[in-house]
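In: The sequence and its predicted three-dimensional model are supplied below.
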Amino acid sequence: MSAAAAYSSRVQELFAAPRRAGSLPDGPGERLAGETAAVERGAWVRFEARVQGGLITAVRFRAWGCPHVLAACEFVAGTLEGQALADLGDLDARWLAEALEVPPEKLGRLLVIEDALRALAAAGGEAH
């Protein structure tokens, strides 16, 4: 099996053209960040979000990991824009694995993303 065949078409698409990778640009609203590292699992993730009136208006990420991790970060960042900060807890690793057809052996890496989102939510709770 080729390396590309190991990744779903959605993962390949998100990995090839991440639109939300990098730092959050300046803008109105509160700036929050959540980060988790688990090098032993093969992942480091940092999300930055801009929040106004309880809604997430912009999200950016920086990450280190396999194509599944980077694609999942892009997917999550796009999903979060326009959502309530309070809804961050609704996103979990199993949902990500299913949505992106990530193999079960990569679930530990997706848990790093889940933890970074929890850290982001906690930052929002501390700011209010």
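Out: All right, it came through fine.

In: now the chain, which segments are flagged as low pLDDT?
Out: Low-confidence segments of the chain, defined by pLDDT under 70, span residues 1-5, 126-128.

In: show me where it has helices.
Out: Taking DSSP state H to define them, one finds helices in the chain at 9-16, 67-80, 93-100, 107-127.

In: The first one vs helix 67-80, what angle?
Out: Yep, that's helix 9-16 we're talking about. 90 degrees (axes from the mean of the first three to the mean of the last three Cα atoms, to 10 degrees).

In: and what of the longest one?
Out: Calculated by the same axes, to 10 degrees, helix 107-127 forms an angle of 30 degrees with helix 67-80.

In: one step back: save the helices of the chain as CSV, and put in distance to V45 too.
Out: All C-beta atoms are positioned from the backbone trio N, CA, C, and that covers glycine. Converted to CSV, these look like this (distance: least, Cβ to Cβ, whole Å):
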stretch, distance to V45
helix 9-16, 14
helix 67-80, 6
helix 93-100, 12
helix 107-127, 4
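
In: Out of the ones you listed, which is the most enclosed?
Out: Highest mean neighbour count of the helices of the chain: helix 67-80, a mean of 23 (counted as mean count of other Cβ atoms under 10 Å).

In: Can I get it in CSV? Just the C-alpha atoms.
Out: Provided in CSV are the C-alpha atoms of helix 67-80 (Å, rounded to 0.1, in the frame of the first residue of the first chain):
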residue,chain,number,x,y,z
PRO,A,67,-0.3,14.2,8.6
HIS,A,68,-3.3,12.9,10.7
VAL,A,69,-2.5,15.4,13.5
LEU,A,70,-2.0,18.3,11.1
ALA,A,71,-5.1,17.6,9.1
ALA,A,72,-7.1,17.1,12.3
CYS,A,73,-5.9,20.5,13.6
GLU,A,74,-7.0,22.2,10.4
PHE,A,75,-10.3,20.4,10.5
VAL,A,76,-10.9,21.5,14.2
ALA,A,77,-9.8,25.1,13.5
GLY,A,78,-12.4,25.4,10.7
THR,A,79,-15.1,23.7,12.8
LEU,A,80,-14.6,26.1,15.7
